[in-house]
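> dropping a prediction and its sequence here:
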Amino acid sequence: MSYEKELKAAKKAASLAAQLCQKVQKALLQSDVHSKSDKSPVTVADYGSQALVSFVLGKELPTDSFSMVAEEDSADLREDGGQETLERITKLINDTLSSDGSYDLSPLSGEDVLTAIDSGKSEGGPSGRHWVLDPIDGTKGFLRGDQYAIALALLDEGKVVLGVLACPNLPLQPIGNSEKHSLQCQAGCLFFAEVGGGTHMQSLDGSLSTKVHVSSTENPAEASFFESYEAAHSLHDLSSSIATKLGVQAPPVRIDSQAKYGALSRGDGAIYLRFPHKGYREKIWDHAAGCIVVSEAGGVVTDAGGNPLDFSKGRFLDLDTGIIVTNKKLMPLLLKAVRDALSESQATPSL
Ligand SMILES: Nc1ncnc2c1ncn2[C@@H]1O[C@H](COP(=O)(O)OS(=O)(=O)O)[C@@H](OP(=O)(O)O)[C@H]1O
Ligand SMILES: [Mg+2]
Ligand SMILES: [Mg+2]
Ligand SMILES: [Mg+2]
């Protein structure tokens, strides 16, 4: 089955959301930070991106029944004091749509925006089609002025069948370990993948796309690895122990968000290690798009036990310990290093 029209719609939605996010990141002031009840930072751009993606998918695919599993909801915006933020979000969305000019429509109201945000409340699951959206993945990176991604995927009967990753601050050229990239002078990258069709990358300003492939290295000594920028999101000591056991020589490359999956899909590094602290439950929107972008580029994404990720269980992933990503040749060696490091860390709980 081809998902051509869905992929086209997803690329359009993610690209417009990226424009909105870029505008906000450029103008980012402390007052853009809005504290959610769980205390994670969430910005007008998170909500704006989610509403815009939902709106654009509805416009581009008007005959499809629509279900979306997305990170944000409008509860805080509906509370007292949310009105001013809602007005700013609504203006941002209307400005983005009007400068794009694709749709002939009257401006959206605040109520339209709240409804669009709340279309992301689906539970997903094993049957039917569900869009899966992280409107800004790597919120902390976004606020810091670093990497973030708009991550959109489609589940069909419990399987990820397409994925789009818009990475506004990722240069088209490969990234290395110590570079800090200037955010002003680049368009950013759009990765997209459809099941059976490979992974492609283009510039967010619409350049011709090129097919990308994961690194083909078989030699761990040549491989570098990605991990979360935030130590609170992944156990850096455990990754370091795995890398040492595997014979990786390069220091970790720490970048925020699913930009890691995008960078890996084009061979910037060969391994991604993600080991959250005990008790954390991974959400499907943090991995769905990244997973297909890497697997269609020839990579393998599994949990720490070597099992493929199962996106059919609802809003959460049900996982063994962590997530590991690499090419097919390195995976058996990586799994062994993970097993060894995990059993050592259980024997030495301080690790
Ligand atoms: N405690 C904990 N452990 C593991 N993961 C967590 C945790 N808390 C949050 N998150 C999720 O991490 C998402 C950000 O992805 P990364 O960890 O790749 O980014 S970072 O490098 O750490 O910034 C981030 O996604 P966003 O909320 O979309 O930014 C979260 O869903
Ligand atoms: Mg979040
Ligand atoms: Mg996320
Ligand atoms: Mg997010």
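Arrived safely, thanks for sending. Ligands and ions are numbered 1, 2, ... in the order given.
> closest residue of the stretch 151-300 of the chain to ligand 4?
Of all residues in the stretch 151-300 of the chain, W285 sits closest to ligand 4, at 7.2 Å by C-beta to the ion. The way it works is simple: take the backbone N, C-alpha and C, and place the C-beta from them, glycine included.
> strands of the stretch 251-351 of the chain, start to end?
Secondary structure of the stretch 251-351 of the chain (DSSP state E, counting those that start in this stretch): strands located at 253-254, 271-274, 299-303, 323-327.
> tabulate those strands (a markdown table), appending mean pLDDT.
Shown next, in a markdown table, are those (pLDDT from 0 to 100):
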| stretch | mean pLDDT |
| --- | --- |
| strand 253-254 | 96 |
| strand 271-274 | 98 |
| strand 299-303 | 98 |
| strand 323-327 | 98 |
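> my guess is L170 contacts M201, does it?
No. With contact defined as C-beta atoms under 8 Å, L170 does not reach M201; the gap is 9.5 Å.
> any weak-confidence spans in the chain?
For the chain, the stretches flagged by pLDDT under 70 are 29-42, 177-185, 348-351.
> residues from it in reach of ligand 4?
Neighbours of ligand 4 within the chain, by C-beta under 5 Å from the ion: 71, 134, 136-137.
> now with 8 Å, please.
Selection of the chain residues close to ligand 4 by C-beta under 8 Å from the ion yields 42, 46, 71-72, 134-139, 285-286.
> out of these, list just those in strands.
42, 134-137 (DSSP state E).
> switch those residues over to a markdown table; also include distance to Y103.
Converted to a markdown table, those look like this (distance: C-beta to C-beta, whole Å):
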| residue | distance to Y103 |
| --- | --- |
| V42 | 27 |
| D134 | 24 |
| P135 | 19 |
| I136 | 23 |
| D137 | 26 |
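> near ligand 3, which of the residues you listed show up?
134, 136-137.
> and of the residues you listed, the nearest to A297?
Nearest to A297 among those, counting by C-beta to C-beta, is D137 at 18.4 Å.
> and that closest one, how far from S203?
20 Å (C-beta to C-beta, to the nearest Å).
> residues contacting A17?
Under the criterion of C-beta atoms under 8 Å, 6 or more residues apart in numbering, the neighbours of A17 are 48-49, 52-53, 56, 135, 150, 166.
> which SSE is I93 in?
Secondary structure from DSSP states H and E places I93 in helix 83-100.
> buried residues in the helix or strand following that helix, which are they?
Downstream of helix 83-100, the first helix or strand assigned by DSSP H and E is helix 110-118. For helix 110-118, the neighbour count (16 or more other C-beta atoms under 10 Å) marks 112-114, 116-118 as buried.
> right, and the pair among those residues with maximum separation?
D112 and D118 (11.0 Å).
> got the contact list for E222?
By C-beta under 8 Å, 6+ apart, the contact list for E222 reads A270.
> I'd say K140 and D256 touch.
Yes. Here K140 lies in contact with D256, judged by C-beta under 8 Å, at a distance of 6.3 Å.
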